[in-house]
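Participant: Sequence and predicted structure, then a few things I'm wondering about:
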Amino acid sequence: MTNYCNCCSKDIRSHQSTIVCNICNSYYHTHCIHTDVNANEDWFCFQCTGNVFPFNHYIDDDEFKFALFSLNNTLEYNRMLNLKFNPFVFNDVINNSNNLIDYDIPHSCSYTFDHNISATCEKDFSILHINPRSFNKNVDLISTFLTSLRHTFSILALSETWFKEDGSNLIHIDNYNLVNTPRCGRRSGGVAIYVHNTISFRIRNDLKLIDKPSEHFDHSESIFIEITVPGTKNIVVGNIYRAHRTNIETFFYDLTNCLTKINTEEKQCYISGDFNLDLLHSNDNHIINEFLSIFYNHNMFPLIDRPTRITPSTASLIDNIFTNVFTHYIKSGVVIADVSDHYPVYQITKSTPISNANTANKISTRLFNQTRIQHFFENLSLVDWSCITDLDSSDHAYNVFIDKFTEVYNVHFPISKHSNNNSRRRCIPQKPWITSAILKSITRKDKLYKKYASNPTESNKTSYVNYRNKLTSLIRISKQQYYAEKLEETKFNSKQTWNVLNNIMGRQNNKHISSFF
């Protein structure tokens, strides 16, 4: 069996110098980890040391001491809630920049649960960012999470998709068009944007960060699209994943060029991503300071100010959504959900018309109630029908009757047109194998997770994990039974059988979306 390097993911050749972690037994090229340690010496990889020393990333001495002395305790929920990045107090960057507008930005950011996310209008422009750390691995958790949402997001942005270059493990989402940038030559990484199918857009390859991997550095992945908005400025949406070992100077250079071009075009812009730069340390880390300066100097503002990755002993703000839109109220937040070790983040910009189907979701209904019905009968009894009995033609008499009846009917039961809120209420249509009983179990699981997140004791963790695992197994069994029945129903129709098989494997006909250039 051929071993591979856990850093660069390339096969290890017999002539190459390698070393093995004494804890996890993972192989590494010595040149990948920049070490001259002898292969016979005891050595521990950075992942294992990170698990053994959960405080080793702290920069500030006081935070280091806090983590050291509270190593046997969990991070208090109230302390987590009090951790907040203040974008208005940032080394006087805002005051010293001539490019920035007045930052009286109408927006709010808070922790929330999936069932509390809602928009007031179908035209609201919204983005949900998730770092699943392998979409295929966590597809059941993410599918369940998206199904439980009460709001259909305009954009679903994913970081660390772990999609393959050949596209063999792509995952399609109903009612969304997929745009994907996988990591080249390596496992992990990758970004994707799912665009709701009511939205017209173009891919902006000219805005992608031109960051290439090297022997000593990972690279960042990015993807940009431009949404067509009739009657106003188009919207540029980007999604970026910056790996830990990225060459930070190259990343800042590419990011600056990208933002400069967007500024020149004077378009609305939203950039989501996992940047692996903790904004909670913006005032004591010059790299994070420079990262924020780049966005601020291009009129971009972070919408997320709460920790997005929380463990029992640490909290960091590394996932965010930046925007230059200040003319509308923006609701943003961090969703406490168990889709991965990163919490999803979202933003909803009020009253931004982006859908091409503004009238398609309008429905017409008549207003009925007991009072209207009673008044209708009363007025109908007062109608003079004698003119009908005096007519010789039955056809003419029928037409006169219908006209009089319809006139009274329309007065008491008028037609009302309104938006069909249920048409885009759920992000993913209800899966047929998700029964009402499973939905109740999902609600129960969410409550257990909320209890664990609020009070992360070992007992609460055990209750949540055990219930989650049983529910995951139940959903998989229900899905298998559903497709087994479908295959049984279509066994004499090869075309329908292939439709079922393609559905199981996630194969869809991708729509062709023209490039911007």
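Facilitator: Arrived safely. Residues are numbered from 1 along each chain as shown.

Participant: Distance from the chain centre to whichever strand or helix holds residue 467, please.
Facilitator: Element membership of residue 467 [criterion: DSSP states H and E] is helix 458-489. On the basis of C-alpha atoms, centre = their mean, to the nearest Å, helix 458-489 is displaced by 23 Å from the centre of the chain it belongs to.

Participant: May I see the buried residues of that helix?
Facilitator: 460-461, 464, 467-468, 471, 475, 478-479, 486 (16 or more other C-beta atoms under 10 Å). Quick note: C-beta positions are derived from backbone N, CA and C, even for glycine.

Participant: tell me what that helix is packed against?
Facilitator: Using 3 or more C-beta pairs under 8 Å, 6 or more residues apart in numbering; DSSP states H and E as the contact test, the elements touching helix 458-489 are helix 139-148, helix 436-454, helix 494-505.

Participant: The second one vs helix 139-148, what angle?
Facilitator: Read it as helix 436-454. 100 degrees (axes from the mean of the first three to the mean of the last three C-alpha atoms, to 10 degrees).

Participant: what does the last one give?
Facilitator: In terms of direction (the same axes, to 10 degrees), helix 494-505 departs from helix 139-148 by 100 degrees.

Participant: and helix 494-505, which residues are buried?
Facilitator: For helix 494-505, by 16+ other C-beta under 10 Å, it's residue 500.

Participant: same deal with the shortest one?
Facilitator: Of the residues in helix 139-148, those with enough neighbours to count as buried (16+ other C-beta under 10 Å) are 141-148.

Participant: what's downstream of that helix, the next helix or strand?
Facilitator: From helix 139-148, the next helix or strand downstream (DSSP H and E) is strand 155-159.

Participant: In the stretch 201-350 of the chain, what residue spans correspond to helices?
Facilitator: 248-265, 286-296 (DSSP state H, counting those that start in this stretch).

Participant: In contact with the residue nearest to residue 241 when sequence neighbours are not counted, which residues?
Facilitator: Using C-beta to C-beta, 6 or more residues apart in numbering and skipping the chain neighbours, the partner closest in space to residue 241 is residue 159 (4.1 Å). Shown in contact with residue 159 (C-beta atoms under 8 Å, 6 or more residues apart in numbering): 129-131, 190-191, 239-241, 273-274, 319.

Participant: Just the pLDDT for residue 159.
Facilitator: On pLDDT, residue 159 comes in at 96.

Participant: For residue 313, give its distance to residue 84.
Facilitator: To residue 84, residue 313 is 19 Å away according to C-beta to C-beta, to the nearest Å.

Participant: Same check on residue 128?
Facilitator: Residue 128 sits at a distance of 21 Å from residue 84 (criterion: C-beta to C-beta).

Participant: more neighbours, those two?
Facilitator: Between residue 128 and residue 84, counted using other C-beta atoms under 10 Å, the more crowded position is residue 128 (27 against 12).

Participant: Please give the element, helix or strand, for the more buried one.
Facilitator: Going by DSSP H and E, residue 128 is in strand 125-130.

Participant: Which elements pack onto that strand?
Facilitator: So strand 125-130, by 3+ C-beta pairs under 8 Å, 6+ apart, packs with strand 155-159, strand 235-241, strand 268-274, strand 319-323, strand 345-349.

Participant: Send me the second one as PDB with only the CA atoms.
Facilitator: Presented in PDB, the C-alpha positions along strand 235-241 are these (Å, rounded to 0.1, in the frame of the first residue of the first chain):
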ATOM      1  CA  ILE A 235     -24.200  42.700  -7.600                       C
ATOM      2  CA  VAL A 236     -20.800  41.000  -7.500                       C
ATOM      3  CA  VAL A 237     -20.700  38.000  -5.200                       C
ATOM      4  CA  GLY A 238     -17.500  36.300  -4.200                       C
ATOM      5  CA  ASN A 239     -16.500  33.400  -2.100                       C
ATOM      6  CA  ILE A 240     -12.900  32.900  -0.800                       C
ATOM      7  CA  TYR A 241     -11.200  30.100   1.100                       C
END
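
Participant: show me what contacts residue 482?
Facilitator: For residue 482, the contact set (C-beta under 8 Å, 6+ apart) comprises 432-433.

Participant: nearest residue to residue 302 other than its sequence neighbours?
Facilitator: Counting by C-beta to C-beta, 6+ apart, the residue nearest residue 302 is residue 320, at 5.0 Å.

Participant: how close does that neighbour get to residue 29?
Facilitator: 33 Å.

Participant: Looking at these two, which is more packed in?
Facilitator: Neighbours of residue 320 and residue 29, each counted by other C-beta under 10 Å, are more numerous for residue 320; the result is 24 against 20.

Participant: Now for that one: which residues touch it?
Facilitator: Contacts of residue 320 were listed using C-beta under 8 Å, 6+ apart, and they are 272-273, 275, 279, 302-304, 308, 345.

Participant: mind checking pLDDT for it?
Facilitator: Here, the pLDDT recorded for residue 320 equals 97.

Participant: hey, what's it bridged with?
Facilitator: For residue 320, the beta-bridge partners under DSSP bridges are residue 273.

Participant: Good, we can wrap up now.
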